[in-house]
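Engineer: structure here, sequence nowhere to be found:
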């Protein structure tokens, strides 16, 4: 494990994300049928509705909203919104599956140093955004100190102007 200076909380990995949903059943179906997660045992001592799912080394905890009618509804798919990203084996296969399932998505392409990264963004039933990408083609290059802060600002400006996006909506 890395020295506590670079890892002050001694973190090891992401364990789970927790999402508030209108319908646990509908969200469970989405995360199982679209993303391939599977349900796991949830402690019985919880006094609220929810479900736990697991896949790809992380958990997704679904929590039923106390007032589902008050949850905001997101319609626009915005790649700059909060999201969770999954690496895939074949972008073509993912895009075909989304079309077959009639799931609206936005396609984006980012290029860095001659490397092209393809991204597909879509919403779960409650509007939480999912990204599927081939981001592993980009090298992970650590930055340090002032250089990291200045590059972050430059990269943000570049990213805001660079990605090409195409919206794909299924006609009903």
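Structural biologist: Yep, that arrived. Model, not experiment: these values are computed from the prediction.

Engineer: strands of this structure, residue ranges please.
Structural biologist: Using DSSP state E, the strands found in the chain span residues 16-21, 38-40, 50-55, 58-64, 83-87, 105-112, 115-123, 129-133, 164-168.

Engineer: closest to residue 72 out of the ones you listed?
Structural biologist: Checking the strands of the chain against residue 72 by Cβ to Cβ gives strand 16-21 as the closest, at 10.9 Å. Where you see a C-beta, it was placed from the backbone N, CA and C, and this is true even at glycine.

Engineer: the closest one pairs with which strands, and in what direction?
Structural biologist: Partners of strand 16-21 in the sheet, by DSSP bridges, are strand 58-64 (parallel).

Engineer: mean confidence score for the partner strand?
Structural biologist: On average, the pLDDT along strand 58-64 is 97.

Engineer: roughly how far out does that strand sit from the chain middle?
Structural biologist: 13 Å (Cα atoms, centre = their mean, to the nearest Å).

Engineer: buried residues in that strand, which are they?
Structural biologist: Neighbour counts over strand 58-64 (16 or more other Cβ atoms under 10 Å) mark 59, 60, 61, 62, 63, 64 as buried.

Engineer: so the second one touches residue 30, yeah?
Structural biologist: In this case it means residue 60. No. Judged on Cβ atoms under 8 Å, residue 60 makes no contact with residue 30 at a distance of 10.2 Å.

Engineer: still on that earlier bit, export the strands of the chain to a markdown table and tack on distance to residue 7?
Structural biologist: As requested, the strands of the chain are arranged in a markdown table below (distance: least, Cβ to Cβ, whole Å):
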| stretch | distance to residue 7 |
| --- | --- |
| strand 16-21 | 20 |
| strand 38-40 | 28 |
| strand 50-55 | 25 |
| strand 58-64 | 19 |
| strand 83-87 | 22 |
| strand 105-112 | 27 |
| strand 115-123 | 27 |
| strand 129-133 | 26 |
| strand 164-168 | 36 |
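
Engineer: among the ones you listed, show me which one is buried the most.
Structural biologist: Mean neighbours per residue, mean count of other Cβ atoms under 10 Å, is largest over these for strand 129-133, with a mean of 20.

Engineer: just checking, what packs against that one?
Structural biologist: Under the contact criterion of 3 or more Cβ pairs under 8 Å, 6 or more residues apart in numbering; DSSP states H and E, strand 129-133 touches strand 83-87, helix 91-100, strand 115-123.
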